[in-house]
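Peer 1: curious how this folds, go ahead:
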Amino acid sequence: MKIDVLSAFPSMFNGPLTESIIKRAREKKLFDINIVDLRSFAKDKHKTLDDRPFGGGPGMVMKPEPLSAALESVGAKKTKIVGWPKNKNKLVIYLSPQGTPITQEVAKKVASYKNLVLLCGHYEGIDERVLNWVNLELSIGDYVLTGGELPAMVLIDTVARLIPGVVKESGSVENDSFFSGILDNPHYTRPEEFRGQKVPKVLLSGNHKAVQEWRKEQAVLNTIKKRPDLAKAAKLKNNKK
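Peer 2: Here you go, the predicted model:
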């Protein structure tokens, strides 16, 4: 997979994309990340990306000329496809608080494409005409951030985990919270007793079947307790007496 990130502040990506699992995956060439500086497409000497909104009002709006030129530089074209292109070659995403919330199911669909183009907005947003180059608007939550860089990092991290080989053990991904629509079960490690709290006996039993049953049960209880909305959607019931 190739990921092109279009940003007015490319240096923001230096830390998150050069550490831990993402760093190792890039070194193994499991996917490629290309950070594009939007300011390099601005024509004036000040590299201006924004201007005042027509109709007045506070804030600034990102101009269509540099954004469309940047999108076209990574192979994006004007599209009539609003949603998921069927050919799986290129998916152009605008990170926006108005977008569809990113869930694990959305991440799985995003991960099925060969090339992602992530456009990071700023200020009051982008000129609406730039959406002609965009397939999807995605959001990480119902709140407003300074720009689209942090949501882009979140999306990259979420999608990267789904690429074969990025996470050493595939079971770690498959057992993640939300992968199957519910939360994960509780986890424990050494020591067996910590400040009077002991690890559940079943995890020390060596009985793999019993351990799996316990984990499934705890995942259900965890979901009912912490995310009743997910429990309702999955039609989960507390059968523990």
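Peer 1: output the lowest mean pLDDT helix or strand found in the chain.
Peer 2: Lowest on mean pLDDT, DSSP states H and E among the helices and strands of the chain sits helix 170-174, with a mean of 58.
Peer 1: and the next helix or strand past whichever strand in the chain runs longest?
Peer 2: As assigned by DSSP state E, the longest strand anywhere in the chain is strand 90-101. Note on strand 90-101: by DSSP states H and E, the next helix or strand toward the C-terminus is helix 104-110.
Peer 1: and the strands in this structure?
Peer 2: 2-7, 32-37, 50-51, 61-62, 90-101, 115-120, 136-139, 193-194, 197-198.
Peer 1: tell me which of those is the most buried.
Peer 2: strand 115-120 (a mean of 25; mean count of other C-beta atoms under 10 Å). Placement of C-beta: from N, CA and C, glycine included.
Peer 1: per-domain residue ranges of this structure.
Peer 2: 2-160, 175-233 (automatic domain parsing).
Peer 1: give me the below-cutoff pLDDT ranges for this structure.
Peer 2: Within the chain, the stretches with pLDDT under 70 are 169-179, 239-241.
Peer 1: ok, now how distant is the residue positioned nearest the centre of it from residue 77?
Peer 2: Taking C-alpha atoms, centre = their mean, the centroid of the chain lies closest to residue 155, which sits 1.8 Å from it. According to C-beta to C-beta, to the nearest Å, residue 155 stands 22 Å off from residue 77.
Peer 1: look up how far residue 130 lies from residue 65.
Peer 2: Using C-beta to C-beta, we find residue 65 at a distance of 10 Å from residue 130.
Peer 1: so for those two, which sits in the more crowded spot?
Peer 2: residue 130 (21 against 13; other C-beta atoms under 10 Å).
Peer 1: give the contact list for the closest residue to the more buried one other than its chain neighbours.
Peer 2: Excluding the flanking residues, the one nearest residue 130 by C-beta to C-beta, 6 or more residues apart in numbering is residue 67, at 4.8 Å. By C-beta atoms under 8 Å, 6 or more residues apart in numbering, the contact set of residue 67 is 6, 38, 41, 49, 119, 126-127, 130.
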